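Novice: Take a look and give me a structure for this.
(chains A and B)
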Amino acid sequence: MKLKDTVHYKLPKQIMTTLLVLVLVSACISLTDASLFELLGNLDQMVLFLKRFMQPDFSYVPQLINPVIKTIQMSIVGTVLGTAFAIPFAFLATKFATENNIFSQIIRFLLGIVRTVPNLLLAALFVAIIGIGEVTGILTIAVFTFGMVSQLIYESIETIDLGPIEATKSIGASRLQTAGWAIFPQVLPSIISYAIYAVEVNVRASTILGYVGAGGIGVLLSTALAQDRYDRVSVIIIIILAIVFLCDAISESLRKKVM
Amino acid sequence: MLRMIKDKWVMAVLAVIVIVSFISVDYSMLSSISWDLARGVFSGLLKPEWSYFYDGSGEDVFSLLILTLGIGFLGTFFASIIAVPVGILSAQNLWKNGGVISRVAKIILSVLRAFPELIYAIIFVKVVGPGPFAGVLAIATHQIGMLGKLFAEEMEAIDFGPVEAMESVGAGFLQTLFFARIPQVLAIFASLIVNHFEIAVRSASTLGLVGAGGIGAPLIFAIQARNWGRVSIILLGVIVTVFVIDTFAAMLRKRLK
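Specialist: This is a model prediction of the structure:
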């Protein structure tokens, strides 16, 4: 194959795109002080770090059981609260329930804003307002779940069968009755499935939320790091990995059962 | 109404777990909330400190948001450079006999993916010192795992017709790889990379909490100092940036399809 057979009419555009990416990359490298030498020069640091990491202190495990249970509890309670609040807002975000497109779009925009706040920032904010503890974690998870699940629910409402809605309307049902008797039963299995998925996401997140003081196992992680107890850090990370893997597996099989 | 749910006992067990969780939470700290404080917070949040948005010092919201975007961009860029070959190698259908390489690559990817970015950030802050570069490395490491997995899945889902056609006329492994397999997935790869740039910007805005550069650090200082006007302008900046990036990325992805 000769070179001219592989080059095609898009070439100028592709060269421009490549140049643009390279310019952006070099700009970002100078902006972030990235240097490969710094990374390679500090590789001995990394090796030292990993060496200490490789000696996990398994005697610390019994002390972790309670925080692990608390972490999972926080995720479950936060998810249930967040989903409960998400359901009415998801209904308001579809025109089936409101019959008013502009109003629904406004609700969607507001839900979009809730979603853009990173959950670690939310946690930091709640810690400052309420203080350090489980309730802070639950609130953070609830707000985060609210944003995530409401979008999933309104998207699934839009794909429902319209027959029952017309049927209830034709016999004079109010909008609330239509929502409760024609739409809700159709989306309930999806809602439960999303809630289970959200628990999985939240267990992942809540292990980190503790880092800023929002309760759970992350609090121990941040303490162990501050004390340079890498034997404990590695045990905590192993436990976090185990929970995450376990939650993934449980949630996947549960969702198959529910749907 | 519950007829649609197949397993009733699953629902019963779930309900019990939820109820037990609700009961066993320690709610005592709720009573210690000071409503005056909360009111102060909200009134502060409603008065953003506009002067902090841009003051030319390089430590203002605008400059730090640009830095955050830079961290996200570079992190995704490095991740993509490594994830493309690793992801392609870890596609099962690339290897005729056994696929040991694929299995090893997949294990490496799932380990990389399993640690949250914040943990990588903590590690890299210790290795290269605090600063944006630690954030870049943290995002890159995590995203190699995520992108690699998605790339492998796309490679496994390709249409085999072109590969077989080329092989029947005597094409070798590298020829089918570059002229039949990769051309099929390039557009999807590009779309996934744009999507992960979006995710990277979100995480870059939080990595500053552990000293890995970006807008997170001044935010955490402002929260600790209870300077709510400043918290407000930073949050506003983050929200607008993420929103703009999301919209922009959605547009770009539509054109890539």
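Novice: Only C-alpha atoms from now on, for both contacts and neighbour counts.
Specialist: Noted.
Novice: got the contact list for stretch A:199-214?
Specialist: Stretch A:199-214 is contacted by residues A:71-72, A:74-76, A:79, A:119-120, A:123-124, A:127, A:132-137, A:141, A:145, A:215-222, A:240, A:243-244, A:247-248, A:251, B:116, B:118 when judged by CA atoms under 8 Å, 6 or more residues apart in numbering or on different chains.
Novice: For the closest residue to A:Ile157 other than its chain neighbours, pull up the helix or strand it's in.
Specialist: Spatial nearest neighbour of A:Ile157, chain neighbours left out: A:Val187 (6.4 Å); criterion: CA to CA, 6 or more residues apart in numbering or on different chains. In this structure, A:Val187 sits in helix A:184-209 according to DSSP states H and E.
Novice: Likewise for B:Met155?
Specialist: When the helices and strands are read off by DSSP H and E, the one containing B:Met155 is helix B:132-156.
Novice: What residues of that helix count as buried?
Specialist: Buried residues in helix B:132-156, defined by neighbour count with 16 or more other CA atoms under 10 Å in any protein chain shown: B:132-156.
Novice: next one: stretch A:197-205
Specialist: Residues A:197-205 are the ones in stretch A:197-205 that count as buried (16+ other CA under 10 Å).
Novice: swap in stretch A:235-244?
Specialist: Of the residues in stretch A:235-244, those buried (16+ other CA under 10 Å) are A:235-237, A:239-241, A:243-244.
Novice: neighbouring contacts of stretch A:227-234?
Specialist: By CA under 8 Å, 6+ apart, stretch A:227-234 touches A:52-57, A:60, A:221, A:224-225.
Novice: and B:Ser205, what does it touch?
Specialist: A:118, B:68, B:214-216, B:238.
Novice: before we move on, back to that, pretty sure the residue nearest to A:Ile157 sits against A:Ser156.
Specialist: Yes. With contacts defined as CA atoms under 8 Å, A:Val187 counts as touching A:Ser156 at a distance of 6.9 Å.
Novice: Please say which of those two ends up with more neighbours.
Specialist: For the pair A:Val187 and A:Ser156, the greater number of neighbours falls to A:Val187 (19 against 15), based on other CA atoms under 10 Å in any protein chain shown.
Novice: Show me where the chain has its helices.
Specialist: By default, I'm working from chain A. Using DSSP state H, the helices assigned to chain A run over residues A:3-6, A:11-31, A:36-41, A:43-53, A:61-92, A:95-98, A:101-116, A:119-130, A:134-157, A:163-170, A:175-178, A:184-209, A:217-226, A:230-258.
Novice: please go with chain B instead
Specialist: Applying DSSP H to chain B gives helices spanning B:8-24, B:35-45, B:61-89, B:100-114, B:117-128, B:132-156, B:161-168, B:173-176, B:182-207, B:216-224, B:228-256.
Novice: circling back: looking at the contacts of stretch A:227-234, spot the one nearest chain B.
Specialist: Taking CA to the nearest CA as the measure, A:Leu225 is the one of the contacts of stretch A:227-234 closest to chain B, at 8.7 Å.
Novice: what number of residues lie near the closest one?
Specialist: Close neighbours of A:Leu225, defined as other CA under 10 Å, add up to 16.
Novice: just to revisit the earlier point, list the helices and strands the helix holding B:Met155 packs on?
Specialist: Here helix B:132-156 is seen to pack against helix B:61-89, helix B:100-114, helix B:117-128, helix B:182-207 when contacts are counted using 3 or more CA pairs under 8 Å, 6 or more residues apart in numbering or on different chains; DSSP states H and E.
Novice: related to what we said a few turns ago, from the contacts of B:Ser205, which is closest to A:Leu11?
Specialist: Here the nearest of the contacts of B:Ser205 to A:Leu11, counting by CA to CA, is B:Thr68; it sits at 31.9 Å.
Novice: Could you check the pLDDT of the closest residue to that closest one other than its chain neighbours?
Specialist: Closest residue to B:Thr68 apart from its sequence neighbours, by CA to CA, 6+ apart: B:Gly214 at 4.6 Å. The confidence metric pLDDT takes the value 83 at B:Gly214.
Novice: repeat for B:Gly98
Specialist: pLDDT for B:Gly98: 63.
Novice: got a pLDDT number for the most centrally placed residue in chain A?
Specialist: When chain A is reduced to its mean C-alpha position, the nearest residue by CA atoms, centre = their mean turns out to be A:Val201, at 5.0 Å. Looking at A:Val201, its pLDDT reads 84.
Novice: And it, how far from chain B?
Specialist: 12 Å (CA to the nearest CA, to the nearest Å).
Novice: now swap in A:Val135 and tell me
Specialist: Relative to chain B, A:Val135 is positioned 7 Å away (CA to the nearest CA).
Novice: Surely that residue touches B:Leu30?
Specialist: Yes. Counting by CA under 8 Å, a contact exists between A:Val135 and B:Leu30, whose distance comes to 7.3 Å.
Novice: okay, the two: which has more neighbours?
Specialist: A:Val135 (24 against 13).
Novice: OK, contacts around the more buried one?
Specialist: Remark: with contacts taken as CA under 8 Å, 6+ apart, A:Val135 is in contact with A:74, A:214-215, B:25-27, B:29-30.
Novice: Which PyMOL command selects the buried ones in those?
Specialist: The following PyMOL command selects only the buried members of those, with burial defined by 16+ other CA under 10 Å:
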select buried, chain A and resi 74+214+215
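Novice: Quick check: pLDDT value at A:Ile160.
Specialist: 83.
Novice: where's the closest residue to B:Ala190 other than its chain neighbours relative to A:Leu11, distance?
Specialist: Taking CA to CA, 6+ apart as the measure, B:Ala190 lies nearest to B:Leu256, with 7.3 Å between them; neighbours along the chain are not counted. As for B:Leu256, its distance to A:Leu11 is 16 Å (criterion: CA to CA, to the nearest Å).
Novice: Kindly report the same for B:Ala83.
Specialist: Looking at B:Ala83 against A:Leu11, where the rule is CA to CA, the gap reads 25 Å.
Novice: Also A:Arg115?
Specialist: Shown here: A:Arg115 relative to A:Leu11, a distance of 39 Å by CA to CA.
Novice: These two: which has the busier surroundings?
Specialist: A:Arg115 (22 against 11).
Novice: Would you quantify the distance from the more buried one to B:Leu236?
Specialist: The gap separating A:Arg115 from B:Leu236 is 13 Å, by CA to CA.
Novice: Now do stretch A:141-152, average pLDDT.
Specialist: Averaged across stretch A:141-152, the pLDDT comes to 91.
Novice: mind listing what's buried in it?
Specialist: Neighbour counts over stretch A:141-152 (16+ other CA under 10 Å) mark A:141-151 as buried.
Novice: shaky segments in the stretch 151-259 of chain A?
Specialist: A:259 (pLDDT under 70).
Novice: Now with 80, please.
Specialist: For the stretch 151-259 of chain A, the stretches with pLDDT under 80 are A:206-208, A:210-216, A:244, A:248, A:251-252, A:254-259.
Novice: And B:Ser191, what's its pLDDT?
Specialist: Looking at B:Ser191, its pLDDT reads 88.
Novice: wait, I meant A:Leu36
Specialist: Turning to A:Leu36, the model gives it a pLDDT of 73.
Novice: tell me the contacts of it?
Specialist: Remark: with contacts taken as CA under 8 Å, 6+ apart, A:Leu36 is in contact with nothing.
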